[in-house]
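Peer 1: turn this into a model:
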Amino acid sequence: MLPSTRLPPASRAALVRYWMTQTFSGRAIVGGLIIKFVAFVLTLIVGASPWLELIDTFGDLAVIVGALIIIVLVFADMKQRLLWRIRRKLAVSYIFIGFIPALLIIVFFLVAGLLLFFNIASFMMRNELAQLVERTRLIADSAALGLDRAVGPEQTRAVIEVRRNTLAPRYPGASVTLVPSARQCGTGVATVPGPLALGPWAHVAAPAAVPDWVPCAGFAGLMTYQDGETTKMMARAVTWPATVGGAVIVDVPVDEAFERELRDRAGLTLGGVTLSEESTFLDPDSDPDAEPGPRGIILGPANIGVGDAETGLQWVALVDSVGWDRGETVKLLVSFGMSLAQLYDRMALTKESQVGELDVGRNLLVALALVGGLFLIIQAVAFAMGLALARSITGSIHELFAGTERVRRGDFTGRVSIKSRDQLGELSESFNSMTSSIEDLLQAKAEKERLEQELRIARNIQMSLLPQGPLSMPGLTLIAHCEPAREVGGDYYDFLPIDDHTVGILVADVSGKGTSAALYMAELKGIVLSLSQRYRSPRELLIEADRIISHHLDSRSFITVTYLVVDLQTGTLQYARAGHCPLVYVPGPYATGRTPQLLAPDGLVLGLQLDGGQTFVRLLEEVTIPLGRGDLFVLYTDGLTEAMNSAGDCFGESRLATLIGEHADLPADELRERILRDIEAFTESALQQDDMTMVLLRVDEIGQALLTPAAAHADA
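Peer 2: Next up is the predicted model:
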């Protein structure tokens, strides 16, 4: 920089001399030029050498450093001269604060609008292709239904011809074929002697077989085919008729007919189609003779093209394509052109309305005069109001701060004074209301914790009422599971030994959940315990239990019960069902058939208080089943079968019976865990809505096989 203690001479020559001899930039440039001149002269005298080139390089560096210093000094001087006036500072500030942000906002909204139009156009393109696939699928389904009613080759051909003619006016390239297949997706009464292809099949050859990946439910989707070196799309649908040993295949190529429909319906012009793994887009500035090769997909402004007047702006849409041979899914990059005007015409609900003539300039001048007059008044009022508002705001904030300090120390009795009826006053009132309710919240929290503790104790008591561990009886395996949906529940099961070879087993479900259901469950346990020693017949026990408990249940409650008595000596099982879930029975391995059965004899629920129990007695049915070695019985509550997944589907009794039948040979504890795991997997760990209880009973030995060797000898 120029030294501040020595002023340059007034004359121009003296000024230049001063710059060249007294400033660093001048000395650097002059010295660099001298070094370069000396290196040039020596090169002419002695010839080129590395040392002379190095000296010349030092000269270049000196000149560059001096020039950079001059540029920096000139920029600083121009900035100081330009921004010395306040008006210029305001102008520059306006440019950077007002104009540039406004310009960026305009560009932002333009880009956002273009992106919105592009995304809408991509959606419309994918939607049109999806509708084409859906129409193709409907024609295939219609052909399959027609083939189910066709008799003979003539009617079969007529059905295919009619479906093809349905598509032909709209899509001349549509083709239909009936392909024979050894796979039996229906009854397959009629067989197809050979492929029956109707239509031009100009895009691809008619398929001669259906790949193994196509499911019996059929298929509909987009596929690609090669037309020379061009990749094109087609919609293909496959449907299996129920009574014909073959499949209907319908092809609709994405050709000129679809492109015309696309322009008429959506205002889009279809371009090229590229596989995601082999993009054939080439840079327009690259070698035109270059061969297309594998390239990565670039989405965004790189895909925007201006196109011509007909196609408009260019954009791309990603769609899914399926390979015919292996069924693999491939992403397609579909380019298309769109006209913003046509797209807007299809999006707009109403057009811009016309208004009458209006003197906007005069109205603006009047408004400007009013604003100028009001500005002085508002400025004076704002000054006075500013002082008052500042005082009120700071005063209210100080009061709130003092109040929060008292609350932090645990004092909830303090109150904030309300000095105004504005938002700060409402805030102070809310603070006072909050501090007054904190103590109530703490008390409610303590009460909630006390109730939760009592519910945990009630759960422990309820679980203690259930049998602890499996029943130990020779010749019989009994294992159970009970899981309440809440802290306490209404499900109940019990093992009731009657003698050394007879046991009663009960599973019950009290309507509702929670504490009331648990209390009714405890009452039912006491009744059944006393009646099990008096009545060997399940029907008689349930009739007496209904008579007793109906006087204690409220009118909105009832109990479903299944009670059975197993006598291993006689080899029989007697049971009765009072409105409970069916009993799952799987015969043992020595039986002729092991198909799981759902046993559901008649019976009404307990506690309905109808006509003195006469209807209950009349409907209740008792069933006796002869037992065999390995027989499996599963009793359960509706919490298992009504467990729902996220789609609202229940696990169901048939699914439970099938699961038990498939794994009937597992040990009882492993079978129980398998059932619970499958239910959990079905519900996708959704929140349990009902109690889950089940009892697994397996018959190991019956009759004489139960006797010990000594007892058997004495008996003989």
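Peer 1: how's this protein carved up into domains?
Peer 2: With domains defined by automatic domain parsing, the chain comprises 12-82, 115-282+293-342, 373-464, 473-703.
Peer 1: dump those domains to CSV, plus distance to residue 106 and mean pLDDT.
Peer 2: For the C-beta atoms, the positions are set from N, CA and C on the backbone; glycine is no exception. Formatted as CSV, these follow (distance: least, C-beta to C-beta, whole Å; pLDDT from 0 to 100):
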stretch, distance to residue 106, mean pLDDT
domain 12-82, 27, 85
domain 115-282+293-342, 15, 83
domain 373-464, 29, 67
domain 473-703, 46, 86
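Peer 1: doesn't residue 440 fall inside a strand?
Peer 2: No - remark: residue 440 does not belong to a strand; assigned using DSSP: H, G, I helix; E, B strand; the rest coil, it is helix.
Peer 1: turn the domains of the chain into JSON lines, columns for mean neighbour count and distance to residue 108.
Peer 2: Conversion of those to JSON lines gives the following (neighbours: other C-beta atoms under 10 Å; distance: least, C-beta to C-beta, whole Å):
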{"stretch": "domain 12-82", "mean neighbour count": "14", "distance to residue 108": "29"}
{"stretch": "domain 115-282+293-342", "mean neighbour count": "17", "distance to residue 108": "10"}
{"stretch": "domain 373-464", "mean neighbour count": "12", "distance to residue 108": "32"}
{"stretch": "domain 473-703", "mean neighbour count": "18", "distance to residue 108": "40"}
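Peer 1: please convert the ones you listed to JSON lines, extending it with distance to residue 103.
Peer 2: JSON lines is the format used below for those (distance: least, C-beta to C-beta, whole Å):
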{"stretch": "domain 12-82", "distance to residue 103": "21"}
{"stretch": "domain 115-282+293-342", "distance to residue 103": "18"}
{"stretch": "domain 373-464", "distance to residue 103": "29"}
{"stretch": "domain 473-703", "distance to residue 103": "50"}
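Peer 1: which among these is found nearest to residue 367?
Peer 2: Residue 367 lies closest to domain 373-464 among the domains of the chain, at 10.5 Å (C-beta to C-beta).
Peer 1: where do the strands of the stretch 51-200 of the chain begin and end?
Peer 2: Assigned by DSSP state E, counting those that start in this stretch, the stretch 51-200 of the chain shows strands spanning 175-180, 190-191, 196-198.
Peer 1: out of the ones you listed, nearest to residue 270?
Peer 2: strand 175-180 (20.0 Å).
Peer 1: tell me the helices and strands packed up against that closest one.
Peer 2: Using 3 or more C-beta pairs under 8 Å, 6 or more residues apart in numbering; DSSP states H and E, the elements in contact with strand 175-180 are helix 100-149, helix 152-167, strand 196-198, strand 244-253.
Peer 1: now that strand and helix 100-149, what's the angle there?
Peer 2: Going by axes from the mean of the first three to the mean of the last three C-alpha atoms, to 10 degrees, strand 175-180 is angled at 50 degrees with respect to helix 100-149.
Peer 1: let me know the angle separating strand 175-180 from helix 152-167.
Peer 2: 150 degrees.
Peer 1: and the helices and strands packed on strand 175-180: which comes nearest residue 210?
Peer 2: Taking the helices and strands packed on strand 175-180 one by one with C-beta to C-beta, strand 244-253 is closest: 4.7 Å.
Peer 1: which outside residues touch the host helix or strand of residue 542?
Peer 2: Following DSSP states H and E, one finds residue 542 within helix 538-549. Helix 538-549 is contacted from outside by 504, 520, 523-524, 527-528, 531-532, 534-535, 559, 561, 563-565, 574-576, 578, 603, 606-607, 613, 616-617, 620-622, using C-beta atoms under 8 Å, 6 or more residues apart in numbering.
Peer 1: can you tell me the SS state at residue 690?
Peer 2: coil.
Peer 1: who touches residue 20 in this structure?
Peer 2: 26, 27, 30.
Peer 1: distance of the residue lying closest to residue 700 once chain neighbours are set aside relative to residue 627?
Peer 2: Using C-beta to C-beta, 6 or more residues apart in numbering and skipping the chain neighbours, the partner closest in space to residue 700 is residue 475 (5.1 Å). Counting by C-beta to C-beta, to the nearest Å, the separation of residue 475 from residue 627 is 10 Å.
Peer 1: between these two, what contacts are shared?
Peer 2: With C-beta under 8 Å, 6+ apart, residue 475 and residue 627 have common neighbours 568, 699, 702.
Peer 1: filter those down to the ones in strands?
Peer 2: Counting by DSSP state E, the part of the shared contacts of residue 475 and residue 627 found in strands is residue 699.
Peer 1: just the shared contacts of residue 475 and residue 627 now: which is nearest residue 406?
Peer 2: residue 699 (74.0 Å).
Peer 1: list the contacts of the closest one.
Peer 2: Applying C-beta under 8 Å, 6+ apart to residue 699 gives the contacts 475, 476, 566, 568, 588, 627, 628, 629, 630, 631, 632.
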